[in-house]
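A.B. asks: here is my input, please return the structure:
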Amino acid sequence: MDLALFLVGLVKVVLGGLIAALGIWLALRGLSRILGTNPVEELRQGNTAAGIVHATSLVSLGMLVQHAVQATSDAVDLTVRTQPFHPMMAGKLLAVAALHVGLSLGVGVAVLALGILLFDRMTPGIDELAEVRKGNIAAALILSAILLVLALLTAPGLQAALNGLIPFPQLPEGTMVAPG
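C.D. replies: Got it, this is the predicted structure:
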């Protein structure tokens, strides 16, 4: 058993949990402002439509941010497994990873919010957000599908744009790193 790799894995689990908690908070807060609702109150009232849209926003944000978490995890693996390991590199990597994930969360929330607002503008005569607040499940399903499609189609671009921030260590020519 390699204790160092075990500890790195535990750190990744904790960081993943913290990132998920922050993402959930941002998604719920951002969508609540756009919808003009309180997710806790909507849950108490049994507004299924609002619940569907809130749940989909969480899944969509997770889809957008998963690449940032994966890239950060890969960079940590490379940094830890590359010899010689420099503790200063770990500190720099942690700072850049926080920036990378933070930007991914921020851009992800902005993309989803913009998508909701654009969809609302593209359908004159129907206020989808008001319909969701009233419990219209059909409006919630359409809005949820739009959030998922936005996440699926913008995630690769977000990944490509932000991957340049991660300082992957330079490996000597011909070096292979075993998958972790």
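
A.B. asks: show me the contacts for residue 107.
C.D. replies: Counting by CB atoms under 8 Å, 6 or more residues apart in numbering, residue 107 touches 64, 158, 162. Where C-beta positions appear, they are placed from N, C-alpha and C, glycine not excepted.

A.B. asks: out of these, which one sits closest to residue 115?
C.D. replies: residue 64 (11.1 Å; CB to CB).

A.B. asks: against residue 20, how distant is the residue nearest in space to the middle of the chain?
C.D. replies: Geometric centre of the chain, nearest residue: residue 65, 2.6 Å, by CA atoms, centre = their mean. Distance, residue 65 to residue 20, using CB to CB, to the nearest Å: 9 Å.

A.B. asks: so where's this structure uncertain?
C.D. replies: Along the chain, segments meeting pLDDT under 70 span 1, 35, 82-87, 90, 163-180.

A.B. asks: which one (most neighbours) among the contacts of residue 107?
C.D. replies: The most crowded member of these, judged by other CB atoms under 10 Å, is residue 64 (25 neighbours).

A.B. asks: in contact with it: list those residues for me.
C.D. replies: Here residue 64 is in contact with 104, 107, 108, 111, 112, 151, 154, 155, 158 (CB under 8 Å, 6+ apart).

A.B. asks: on that earlier part again, dump the contacts of residue 107 into TSV; add distance to residue 54 as well.
C.D. replies: Output for the contacts of residue 107, formatted as TSV (distance: CB to CB, whole Å):
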residue	distance to residue 54
64	16
158	21
162	25
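
A.B. asks: buried stuff in the biggest helix by length in the chain?
C.D. replies: Using DSSP state H, we find that the single longest helix of the chain is helix 87-122. By neighbour count on 16 or more other CB atoms under 10 Å, the buried set for helix 87-122 is 89, 93, 97, 100-101, 103-105, 107-109, 111-113, 115-116, 119-120.
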